[in-house]
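1. sequence and predicted structure are below.
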Amino acid sequence: MSSLVGPALRTLRSQPRTLIGVGLLLVFLVMGLFAPLLTRYDPTALAFDSWLRPSAAHPLGTSAVGQDLFAQLLYGARLTLLVGSVAGVIATVLSVALGLAAALLGGWVDEIINAVINVFLVLPGLPLVIVASAFLRGGGVWPVILVISLTGWAWGARVLRSQAMALAQRDFILAARASGEGTGHIIFRELLPNMAGLIAANFFGAALYAVLSEAGLSFIGVGDVSLVTWGTMLYWAQAKSALLQGAWWWVAAPGLGIALLGTAFALLNFAVDEISNPRLRAGLPGRARGLTPAQATQGAPPAPGTVLSIRDFEVGYVTPRGTVKAVRDVSLDVQPGEFVGIAGESGCGKSTLALAAARLLDPPGRVLGGTVQLAGHDLLSLSPEALRQVRWRDYSVVFQASMNVLNPVLRVRNQIYDAIQAHGRPDRAALDSRARELFALVGIRESALDAYPHELSGGMRQRVAIAMALALEPRLMIMDEPTTALDVVVQRQILQELSEVRQRLGIAIVFITHDLSLLVEMSDRVAIMYAGELVELAPAHELYAQPAHPYTRRLMTAFPPMTGPRERRSGIAGRPPALSEETVGCPFFERCDRRMPGVCDVRPLQTYTVGEAHTVRCFLHDPGLDPALKAKEVAGVPSVPN
Ligand SMILES: Nc1ncnc2c1ncn2[C@@H]1O[C@H](COP(=O)(O)OP(=O)(O)OP(=O)(O)O)[C@@H](O)[C@H]1O
């Protein structure tokens, strides 16, 4: 919750519309709460002459029966706000409870809830309210509130049910369930915080509906017209022909009150959306992650011509249990046409690095520091519109699940056309020839252009996704395990075609996989990640011949080579450290057969250069270190031959 206070205050300060919303609501609250202090008149007392014009004694004049209209406006604010807020709360509580019950219990419970919601949605709202309130007529304000709440909850329940159902399938909820967390924990710690924005928006929407419904009911005389609300003021003004009498202020004052209260709710609704939705408040990521402009531009400038330059990059997942720092101090440059492979065990931060660098990281993921320059653009500072211009034209992304982005009801041809048209409008003939060209590039027969996605195999669909990513011949393609879901033969074919396409078009590729032996064959350079750190970076052949980091050597022995005789492979004993904790020294210390206690577990990790374009983060390569220390091997940790 505290993580929302900062953004809330920032949004309040930076958004004039939020300030206006808060200001208006405060004015109405003061009017309602302090009405007895702001006027000495009883709003219902028939104490004055009728039809008095506005004056110092009666700022809004008097009614047809001699009541002070200013007093009515003040006391009317009180009941109007009461109706809005209480009906808003009841409708929201109902919506949240039903939405959560449907999502968590599923099955027949969900079916019944869904059916009830649908019935309430198709029932025409106003006639229902009129009929219901006709039964409860004259009972004061509470029946009105009850009727409005019970007729106004269904829309919110539908939206909240959908969101709860979508969240219930997200990995973090499934993980919480799998780890045995109780329903209370899942509802209050996992689901509700993620639904906070929508719940608040739902409340303001329901409150607005309640205020308008009460005004509407009162105006047509169905509510309790003996109460003083802005709605009943309008009713009496109309009943006594105020406009014909020239007393337009009798209509204008409550009308304006209702309009401004509605405006306040709507503005607050926007603000809540912005505070609770990290994507909206992260319009400018440099600002969102709390970096000063100076911090956002830190780092050495990349070499001229560099396509992608990542500097001092830090990325984390901000969770209720703390921040999981998945990418730690990573710097990496990619040159035009270069194939850079990134390998490492599962969970070492490869995907997080790719997603964050491509500005595709979803909350709770957040860039915590560093810069990403792509062909001269400071990618992290681009506005969404500027980013749209750059994405696909300057860089594209292909993920393992990219084949699933194909729309099942559109022919592949149209989807390819859309990708080509993303930044221009070539004519039909040009589109057709480009689509054929792209299909030839990724090795798909032209006839597949007229297929629907379900008519193609997984491998073909993934090739279509790659063709779409190639459509605008970007300078860089970021590919995160693009072939992992496919069988080995298809995987091999796609990789060969990719390699040819890259050479022909000069596109740089950052390719992520667990499979180091595959990368060594494909890449110009290979980066090895471990526990969020980039621990070794070297030309592929050099990494293969002389791996410098003990982890790289272990990783090499863990995968069979793609060619050559079959050998017995050994895994890596132990587990990487938890990324939610800060590591002192080398994160591989516990699993390392060459570890040097007193050095590796104590000193801050540094990068050493061990060859041209070959760097490693390992103290074994510290030229200033006592060679006697390096010679020792650690008992109990299986060693790997150099
Ligand atoms: N939404 C999330 N919330 C919290 N932690 C997360 C989230 N997503 C990923 N992580 C953590 O971030 C770390 C890095 O994950 P990431 O998916 O980047 O690793 P990876 O090397 O790509 O793994 P894989 O090869 O299995 O895809 C992991 O420890 C993971 O548990």
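-> On my side now, so go ahead. Residues are numbered from 1 along each chain as shown.
2. how about the helices in the stretch 201-350 of the chain?
-> 230-239, 248-276, 278-281, 285-288, 293-296, 350-357 (DSSP state H, counting those that start in this stretch).
3. next, format the ones you listed as TSV and append mean neighbour count and distance to residue 465.
-> Placement of C-beta: from N, CA and C, glycine included. TSV is the format used below for the helices of the stretch 201-350 of the chain (neighbours: other CB atoms under 10 Å; distance: least, CB to CB, whole Å):
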stretch	mean neighbour count	distance to residue 465
helix 230-239	23	56
helix 248-276	20	32
helix 278-281	16	23
helix 285-288	18	26
helix 293-296	13	32
helix 350-357	24	15
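4. what pLDDT is listed against residue 425?
-> The model reports residue 425 with a pLDDT of 65.
5. and what of residue 615?
-> 92.
6. sheet-wise, list the partners of the helix or strand harbouring it with their directions.
-> Per DSSP states H and E: residue 615 is located in strand 614-616. For strand 614-616, the paired strands and their directions (DSSP bridges) are strand 533-539 (antiparallel), strand 608-611 (antiparallel).
7. and these, which one's lowest on average pLDDT?
-> When I compare the strands paired with strand 614-616, strand 608-611 is least confident, with a mean of 87.
8. thought residue 620 was touching residue 594?
-> Yes - contact criterion CB atoms under 8 Å: residue 620 and residue 594 qualify, at 5.8 Å.
9. how is residue 23 assigned, secondary-structure-wise?
-> Under DSSP: H, G, I helix; E, B strand; the rest coil, residue 23 falls in the helix class.
10. tell me how many other residues surround it.
-> Counted by other CB atoms under 10 Å, the residues lying close to residue 23 total 12.
11. how far away is residue 443 from residue 412?
-> Distance from residue 443 to residue 412, counting by CB to CB, to the nearest Å: 15 Å.
12. now do the domain split for this structure, please.
-> For the chain, automatic domain parsing gives the domain ranges 2-39+66-281, 297-308+318-349+480-642.
13. with respect to the ligand, which of those lies nearest?
-> When the domains of the chain are compared by CB to the nearest ligand atom, domain 297-308+318-349+480-642 sits nearest the ligand, at 3.4 Å.
14. show me what contacts the residue lying closest to residue 493 once chain neighbours are set aside?
-> Setting aside the residues directly before and after it, residue 493 is nearest to residue 443 in space (CB to CB, 6 or more residues apart in numbering), at 6.6 Å. Applying CB atoms under 8 Å, 6 or more residues apart in numbering, we find residue 443 in contact with 463, 493, 494, 497.
15. which of the residues you listed fall within helices?
-> 463, 493, 494, 497 (DSSP state H).
16. the ligand versus the first one, what's the distance?
-> Counting by CB to the nearest ligand atom, to the nearest Å, the separation of residue 463 from the ligand is 22 Å.
17. quick check: pLDDT value at the closest residue in space to that residue that isn't next to it in sequence.
-> Nearest residue to residue 463, sequence neighbours excluded (CB to CB, 6+ apart): residue 442, at 4.3 Å. pLDDT, residue 442: 80.
18. could I have stretch 368-383 exported to CSV, CA atoms only?
-> Output of stretch 368-383 as CSV, limited to C-alpha atoms (Å, rounded to 0.1, in the frame of the first residue of the first chain):
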residue,chain,number,x,y,z
LEU,A,368,15.7,0.2,-11.5
GLY,A,369,18.7,1.9,-13.2
GLY,A,370,20.9,2.2,-16.2
THR,A,371,20.3,3.1,-19.8
VAL,A,372,19.4,1.4,-23.1
GLN,A,373,20.4,3.2,-26.3
LEU,A,374,19.0,1.8,-29.6
ALA,A,375,20.4,3.4,-32.7
GLY,A,376,20.8,6.7,-30.9
HIS,A,377,17.5,6.6,-29.1
ASP,A,378,17.4,6.6,-25.4
LEU,A,379,14.9,3.8,-25.4
LEU,A,380,13.9,4.1,-21.7
SER,A,381,12.9,7.8,-22.1
LEU,A,382,10.8,7.5,-25.2
SER,A,383,7.2,8.5,-24.9
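19. now the angle from the longest helix anywhere in the chain to helix 230-239?
-> The longest helix of the chain (DSSP H) is helix 69-105. Counting by axes from the mean of the first three to the mean of the last three CA atoms, to 10 degrees, helix 69-105 lies at 130 degrees to helix 230-239.
20. same for helix 69-105, what does it pack against?
-> If you count contacts as 3 or more CB pairs under 8 Å, 6 or more residues apart in numbering; DSSP states H and E, helix 69-105 packs onto helix 16-33, helix 35-38, helix 107-122, helix 141-152, helix 154-168, helix 192-219, helix 230-239, helix 248-276.
21. could you dump those helices to a markdown table with mean pLDDT and distance to the ligand?
-> Shown next, in a markdown table, are these (pLDDT from 0 to 100; distance: least, CB to the nearest ligand atom, whole Å):
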| stretch | mean pLDDT | distance to the ligand |
| --- | --- | --- |
| helix 16-33 | 88 | 29 |
| helix 35-38 | 90 | 50 |
| helix 107-122 | 89 | 26 |
| helix 141-152 | 80 | 35 |
| helix 154-168 | 86 | 12 |
| helix 192-219 | 84 | 11 |
| helix 230-239 | 90 | 47 |
| helix 248-276 | 84 | 17 |
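22. picking that back up, quick check: which of the domains of the chain is nearest to residue 398?
-> domain 297-308+318-349+480-642 (4.5 Å; CB to CB).
23. chain center to the closest one, what's the gap?
-> Domain 297-308+318-349+480-642 sits 29 Å away from the centroid of its parent chain (CA atoms, centre = their mean, to the nearest Å).
24. now swap in stretch 245-257 and tell me
-> Per CA atoms, centre = their mean, the centroid offset for stretch 245-257 relative to its chain is 45 Å.
25. how about residues contacting it?
-> Here stretch 245-257 makes contact (CB under 8 Å, 6+ apart) with 28, 51, 53-54, 60-61, 63-64, 69, 73, 76-77, 80, 215, 230-231, 233-234, 237-238, 242-243.
26. from the residues you listed, which would you call buried?
-> Listed as buried from the contacts of stretch 245-257 are 28, 51, 54, 60-61, 63-64, 69, 73, 76-77, 80, 215, 230-231, 233-234, 237, 242; burial here means 16 or more other CB atoms under 10 Å.
27. which of the contacts of residue 443 has the largest number of neighbours?
-> That'd be residue 463 among those, by other CB under 10 Å, with 28 neighbours.
28. contacting residues around that one?
-> 442, 443, 444, 494, 497.
29. report the beta-bridge partner residues of residue 396.
-> Here residue 396, judged by DSSP bridges, has bridge partners residue 477.
30. how about the residues of this structure by the ligand?
-> Counting by CB under 6 Å from any ligand atom, the residues of the chain close to the ligand are 172, 317, 319, 324, 326, 344, 346-352, 364, 514, 579.
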